[in-house]
Every structure is written in structure tokens, then in C-alpha cells.
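> Fold the following, please.
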Amino acid sequence: MRAHDGHWVGFDSESDGHRIYWPDTRAVGVERSVIFDKREVAVPYDVPLEGESGNVQNASAQPPAQSPLTQNATQRSSAEMVDQHVKTDTIGHAPDPLGTTFETPPPPPRRSTCQHFESDYTRHLRTGEGTRDGRIMLDHMRELCDTDCSTQDNAMLALIEDELATGDGEGVEDVYAMAAGVEMDGLDPSMVSEAQSHTDWTRWQSAINAELKSLEDARTWHVVERPNGVNVVGCKWVFKIKHKANGKIEKYKARLVAKGYSQIQGIDYNETYAPVARLASLRTILAIAARNDWDIEVFDFHSVFLNGKLGEGEDIYMDLPDGYTTNGNFVHPVAKLNVALYGSKQGALRWYQELSSTLSELGLKRAHADWGIFYGRIGHDILVLASHVNDCTLTGSSPELIHSFKAEIGSHYKITDLGPISWLLGMKVTRDRNARTILLSQQTYVEATLAKYNLTNCKSASIPMDPGLKLSRDQSPQSAEEIGHMKSVPYRAAIRSLMDLAVGTRPDIAFAVSTVMQFNNAPGEPHWEAVKHIYRYLSGTKSLALTFGGIEKGLKGYMDADRASQEHRRAISGYAYLLDGGAVSWASPKQELVTLSTAEAEYVAATHAAKEGLWLRRLIGEVFCPLTHPIPLHSDSQSAIALTKDGSYHTRTKHIDIRYHFIRFAVEKHSLRLIYCSTDNMIADTLTKPLPTIKAKHFATALGLRSN
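Next up, the predicted model:
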């Protein structure tokens, strides 16, 4: 056989042959019988071959810049490798607040036990019968796809920013966060005349006088004659009885608020959004603080909106409250506001801007993952502050630093130091520092809500929703008599009260609440009976508390989907992320599309769970310490796990929108690791469908709900 001249370009990964480039045909083939010309310079084996692997990077590229947190973590790891007996304090960096049990390293790769048989193509190569037909090898295809890795990185970042900007309706937790602090909703007077009819009117009157004095001392407004052609907003009194953690009355609170709904956009205000700490962020911070036995202190600001100054050109005129006397001769006196009063559209934003500026001066940084979280590293110590309008939660590794910070912030604003945490946004907080556990309970709120709807003595139920119950829009009122009857039913108010619990401390009712919410527009008698059934379940389980700690299990996630079980034929996604045995984040949303198979529904649910997992990873890494291992995400669908690995199932996935393939980027970047979990152990199953008693109780306990 006549020899041919070619160029050797590397070894073949699928055989023992050589990859040869033939100039005459401009093709690359695999040959076994190769003779090298000894006059050529020998190529050493340790020289990296360009294009042989998709992971080879440009040698001239500079290493990516490290953030201070990443740099500290890297230096700490290097020092431990040099001398493991050196204490952390001598390194010059803060101790790891997460500990060694927070992350679960992935298991080593396991060799498959399956038998692999050679194809005819491979067998011909092994016998020396090479080919020069120009067949494109798999490695070369990967080389072409992976030529520009930065394109994939930019695409991933763009997807993340798009999800953060749109939210896809998953930010419902923030919408109900303010309402989560209502302990005795409906039992307080709604107007002055109602308060005057109460036996405790003298205490309400004292609260009104104290509020007016506070407003005058802060020079909230000055009285002027009403200008012509201006918009004048109204005002009203809001009354609230504040309670202690044990349910006893702490004080009577009266607040004068502006009727911001009468303000005109572009004239009275422009921007309005003011960030607050997400409940998932608060639960995560509390769980990590309990794991490290850190002090957790709370304080609140006095009349926070009065600290927010109005911007230039923001002239707000407000009616004076009833009974307010003025000094001077005015025909139509009105109050021209100097600060953003409660109820004004821009009031919360102006206060947030003021607080952010002050905290920045004190050395705290705002977390990009949650703009309501501020953190700082002072020497070896960590300080974390969660802001929720006027309520602040403060924790850190140094008690002295916490107390000095409160003294410093107290020099800027008037605050009330509430000491160690016991009550937070309507949730009772109980700590056992010896066991390193922390419990969140809304039992007081449950009892108040049951009393509000006259369900205090109702018969308790063992599950939140009957598995055999089928709710549909056909059960909505049809006749005029049914419509008139349902108008007297407080369906929407009852749902809102349930939402406060579902996003706060009770993930076990999340699916049931999301189901009955779908009939808000036209609820029928069966829908109202389902709502009352949830309250009956709460009546028997009101002592359950969301518990973190006791055992260090680290961060792990569970996701599931139930396909086409309801009349809208859309699957229900469910995911829950647990930290040290308690759920820090969960959701039970309806999917946006109609899926064609169970595997597709699970695949879409995995993408939704991945977005939340990446956010948690970003929050923990930014505030505390970067995570080095992927977060375990459990799924009971082998098919969905297979779909996240590659695109080999093109026929079954070609119709799926590209946004739902985001989970593949997360797995490829080692941010998440999907693990198979049997259905009997799938905790997220309770977030996708109603379950029988045994399973419902088992998964409620697995979510961290235990008797207080």
C-alpha cells in the first residue's frame, strides 16, 4: 500500500488511533498505521493540544478578578493546606460562619457496570482499517460549539437578569410580607368614631395626642392657605393594638396617614418602590445565626417616614386632621408637608434612601441579592442587618459589635431597643441556645383569625385539603339567590389571612391556599367549604412552629410537579429549600404552559426550583461565605434528570421554550446537582397535590413543622 503524507493533529479519544489531517482532501481521518518522519521535531506528550478539549482556555487570558469574599475564602483555604494546626484567628480572616456540614460535596464519579459493545466503525479502527472519508468526530463538533465560552456565560447572566426583572409572579411573597405582621386584624377600630364608642377610648385618645405631638416636634408640616389649582390629599387615623410575644397588650398606637391613593403620578410623586427584606432572606439569616449561636437583636425606628425628606418639586398639600386647631386667620387652611408622611406614595422610598445612606456611612454594604439586607465585615467579625420598613433584625458573630452598632444607629435616629428577638413581623420567635434551635410560630395570628371568622370552636381536620375534592369554576354561583348569598361571605378576606400564614411559617397549607385562590372572582359554596376546611386544619395544628437547627443538615432542595390534575390542565410546580431541617423557601405555583408529559412538567418545575436555588446561593455567598459545592436538588423523575444533562432527547424536547432549559446551565456550571429521590421521600409532593393523612403529616414534619 502506498504511503501518503499527512499532518498529525492528535490522538483519537474513541480508539487507539491517530487523528491525521490530509491536505489533499482537506479532511481529518483516524489512522492506526502511522509512521513519523524522524527528521521532524518530536512533540512532547505534556504539550496541551489546541482544540482537543472544550475546556482548554486561552493561555493569554487574565484570571477573573476575585471579590473580597472569594479572595478571603481562597486565602483561608491555602493557609489551611500549609498548616492545618494554625488557628483561624491567626490567618487574619473571619471564621467560616457556615461550617463544614453546610455543603454536601458531590460523590466521586461511578463507573458504569453496563456492557458496551464496539460498533463496526470502532472495530475497523482497532484493526487498522482507518478512514479518510472526512467523517466529523464528536470531539470536533464539541470544539465548534464550545469555541466561545463567554457567549454561554453572557447568555446565563442575561437569563438571570431577565428573571430578576420580570419575577414571573414568584415575588408574591414580597406582596404579602407587610400583611404578615397583622396579629389581630379586624379587632382594631377603623375610624375615630368607632374608637370613641369603645370602652378604652381614653387610651386611644392618649395615643392620638402623642402622635400629634410627635408630628409637631418633627415639623412634619406647616399650615398655609390652600393654593388655587393644587391637588389636596386627605388624611385619616389608623389604630393598632400592639401585642407582646405572650399575647398581652404592649401599647395602643395611633398613626396619622395621608390618603396616598388621591395623589397624582407625575405631579405629587414619581418613583414609589421601596425594598424590604424578603421572608426567605430573614429565615435564612435566622437559621444561620442559630447554627452559630449568634446573638439576634431587634429594634425599630420611631416615625420612620418623618425622616424621609421630600425631593425638590415634590409639593404635597394635605387636609388637616379633624379637631386640629391652627394659629392664624385662614379661610381654607391646609398642611404643606415637609416630609413624606405615612400613606404617601413616596414615603417608604424616601425612608429607604435615607436609611441606606446612613448604613453606608457606618460601613455596611447592601446585598445585591436582596436590597433589604445589609452586611459588613469588621475585622474577624460579621454583622448582618435585615430591614423591613421600621423593623430591623440585627445579628453577627460579635455581641460587642452588635451593641456598639445599635448605639451608633441610635445617635442618628430615635429607636426602640427591643433586645433579644422574640417577635418578628407577626411571628413569635423562640430560641433554645443550648440546642441551637430557633422556632417561628404564628399561633397568636391563627387564634385571632379563627375568632374573626367565628371558627374558634370548629371541629379540627387532620389535613388541609381532601384528596378526593375536585374544585372547578362550574361550582361558582349560577342563580341570583346563590350570588346574593356569596356576596355576604368574606371569601377574599379569609384567603388573604391564609396567605399571611402560607408565606410566613406554614408551607403545609401552601398548595391548598393556592388552589382556593383561583376562585376569588366568583367563589361558590364548595369553594367556601374548602376554605373553612383549611381553617379547621389550622385549628388543630395551630401550635406547629417552623423549626431550624438541632441537627446540621446544610442546604438542600426538593422539587416536584403534578401534571394536569386540575381543570385548567396546567401542572402544579412545587419546590422547597431546607436549611438545617427547616424550610427557608418554598412555592406552589401553577405552571405557565400546558405540558405534554409528566417528564416535561417535572423539567419545567426543575427550572423554577433552579432559579430560587441560584438566588439562595448568591445570597449566602455574598453575605456569609461563597459556596464551593453545588446545592443538592432532589427530584423523583429520572426522565427530568436525564433531560438536564444534555440535548440527546431532541425529539421530545424540541418544542420546549429555551427559557426552561435554564436548568442545564445551572447544572453545567456546578451550581446545582440533581439527585434522584423516591416519591415516598419527596418532600415537595405536599406542595403539588392534596395528600392523605399519613403522608401529609410526614411531609409537614419533614418541612420542619413541629409542635411548639
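
> domain parsing for this structure?
1-54+124-147, 192-425, 445-496+507-707 (automatic domain parsing).

> any idea how far the last one is from the chain center?
Its chain's C-alpha centre lies 14 Å from the corresponding centre of domain 445-496+507-707 when counted by CA atoms, centre = their mean, to the nearest Å.

> repeat for the second one
Taking CA atoms, centre = their mean, the mean C-alpha location of domain 192-425 is offset from the chain mean by 24 Å.

> Quick one: mean pLDDT for that domain?
Mean per-residue pLDDT for domain 192-425: 87.

> Check the first one too.
In this model, domain 1-54+124-147 has a mean pLDDT of 62.

> rewinding a little: mind putting the domains of the chain into CSV with mean neighbour count?
Just so you know, the C-beta spots here come from the backbone N, C-alpha and C atoms, and that holds for glycine as well. Output for those, formatted as CSV (neighbours: other CB atoms under 10 Å):
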stretch, mean neighbour count
domain 1-54+124-147, 13
domain 192-425, 17
domain 445-496+507-707, 19
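
> Can you add distance to L98 and give those back as TSV?
Below are the domains of the chain laid out as TSV (distance: least, CB to CB, whole Å):
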stretch	distance to L98
domain 1-54+124-147	32
domain 192-425	7
domain 445-496+507-707	5
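
> Tell me which of those domains sits nearest to T100.
domain 445-496+507-707 (8.9 Å; CB to CB).

> how about the helices of the stretch 401-550 of the chain, start to end?
443-452, 480-487, 491-502, 510-516, 525-540 (DSSP state H, counting those that start in this stretch).

> mean pLDDT for the ones you listed: which is lowest?
helix 480-487 - the lowest mean pLDDT of those, at a mean of 85.

> closest to F374 out of the helices of the stretch 401-550 of the chain?
Closest among the helices of the stretch 401-550 of the chain, using CB to CB: helix 491-502, at 25.6 Å.

> Point out the other helices and strands that that closest one packs with.
helix 443-452, helix 510-516, helix 525-540 (3 or more CB pairs under 8 Å, 6 or more residues apart in numbering; DSSP states H and E).

> List of residues touching it?
176, 179-180, 182, 185, 426, 442, 445-446, 449, 452-453, 509-510, 513-514, 516-517, 520, 523, 527-528, 531, 534-535, 538 (CB atoms under 8 Å, 6 or more residues apart in numbering).

> ok, back up a step: dump the helices of the stretch 401-550 of the chain to TSV, plus distance to D391.
Compiled in TSV, the helices of the stretch 401-550 of the chain are given as follows (distance: least, CB to CB, whole Å):
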stretch	distance to D391
helix 443-452	16
helix 480-487	37
helix 491-502	16
helix 510-516	24
helix 525-540	25
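
> before we move on, the earlier item: any idea which of the domains of the chain gets closest to E103?
domain 445-496+507-707 (4.3 Å).

> end-to-end on that closest one?
Criterion CA to CA, to the nearest Å; first-to-last residue distance in domain 445-496+507-707 is 16 Å.

> Send me the helix or strand containing L212 as PDB with only the CA atoms.
According to DSSP states H and E, L212 maps onto helix 201-217. Included here for helix 201-217 are C-alpha records, laid out as PDB according to Å, rounded to 0.1, in the frame of the first residue of the first chain:
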ATOM      1  CA  TRP A 201     -61.300  55.400  74.300                       C
ATOM      2  CA  THR A 202     -59.200  57.200  76.800                       C
ATOM      3  CA  ARG A 203     -56.200  55.100  75.800                       C
ATOM      4  CA  TRP A 204     -56.900  55.800  72.100                       C
ATOM      5  CA  GLN A 205     -57.100  59.500  72.800                       C
ATOM      6  CA  SER A 206     -53.800  59.500  74.600                       C
ATOM      7  CA  ALA A 207     -52.300  57.700  71.500                       C
ATOM      8  CA  ILE A 208     -53.700  60.400  69.200                       C
ATOM      9  CA  ASN A 209     -52.300  63.200  71.300                       C
ATOM     10  CA  ALA A 210     -48.900  61.500  71.400                       C
ATOM     11  CA  GLU A 211     -48.900  61.100  67.600                       C
ATOM     12  CA  LEU A 212     -49.800  64.800  67.000                       C
ATOM     13  CA  LYS A 213     -47.100  65.900  69.400                       C
ATOM     14  CA  SER A 214     -44.500  63.700  67.600                       C
ATOM     15  CA  LEU A 215     -45.600  65.200  64.200                       C
ATOM     16  CA  GLU A 216     -45.300  68.800  65.500                       C
ATOM     17  CA  ASP A 217     -41.900  68.200  67.100                       C
END
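
> what packs against it?
helix 192-196, strand 235-243, strand 249-258.

> For the ones you listed, could you give me TSV that also reports distance to R436?
Shown next, in TSV, are these (distance: least, CB to CB, whole Å):
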stretch	distance to R436
helix 192-196	45
strand 235-243	28
strand 249-258	29
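
> of the ones you listed, which approaches M465 most closely?
Smallest distance to M465 across the helices and strands packed on helix 201-217 (CB to CB): 30.5 Å, for strand 235-243.

> Report the strands that pair with that closest one, each with its relative direction.
Its sheet considered, strand 235-243 pairs with strand 249-258 (antiparallel) by DSSP bridges.

> Taking their axis directions, the partner strand and helix 201-217 sit at what angle?
50 degrees (axes from the mean of the first three to the mean of the last three CA atoms, to 10 degrees).

> contact partners of strand 249-258?
With CB under 8 Å, 6+ apart, strand 249-258 has contacts from 200, 203-204, 206-208, 210-212, 215, 233-244, 316, 318, 321, 337, 341-344, 347.

> elements contacting the helix or strand following it?
Next along the chain after strand 249-258, taking DSSP H and E as the criterion, comes helix 279-292. Helix 279-292 is packed against strand 381-388, strand 391-396, strand 437-441, strand 544-549, strand 572-579, strand 582-587, helix 598-623, with contacts defined by 3+ CB pairs under 8 Å, 6+ apart.

> C-terminal to helix 279-292, what's the next element?
Next along from helix 279-292, by DSSP H and E: strand 295-301.

> where's K406 relative to I438, distance?
From K406 across to I438, the span is 20 Å (CB to CB, to the nearest Å).

> Show me the shaky parts of the stretch 501-650 of the chain.
564, 647-650 (pLDDT under 70).

> Surely V389 touches V276?
Yes - with contact defined as CB atoms under 8 Å, V389 and V276 form a contacting pair (6.1 Å).

> Now do the same contact list for M427.
A180, L440, S441, Q442, G504, T505.

> number of nearby residues for the last one?
Same thing as T505. Close neighbours of T505, defined as other CB atoms under 10 Å, add up to 29.

> List the contacts of the residue nearest to I373 when sequence neighbours are not counted.
Using CB to CB, 6 or more residues apart in numbering and skipping residues adjacent in sequence, the residue nearest I373 is A367, 4.1 Å away. A367 makes contact with I373, F374, Y375, L619, E622, V623, according to CB under 8 Å, 6+ apart.

> Take those and write them to CSV, including distance to A587.
CSV is the format used below for the contacts of A367 (distance: CB to CB, whole Å):
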residue, distance to A587
I373, 20
F374, 26
Y375, 25
L619, 16
E622, 22
V623, 22
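
> what's the spacing between the residue most central in space within the chain and N292?
By CA atoms, centre = their mean, the mean C-alpha position of the chain lies nearest to A280, the distance being 5.1 Å. For A280, the distance to N292 (CB to CB) stands at 19 Å.

> do G419 as well
19 Å.

> Check H403 too.
18 Å.

> before we move on, what about A561?
With CB to CB as the criterion, A561 and N292 are 35 Å apart.

> Hmm, K406 is touching D300, no?
No - taking contacts as CB under 8 Å, K406 lies outside contact range of D300: 11.7 Å.
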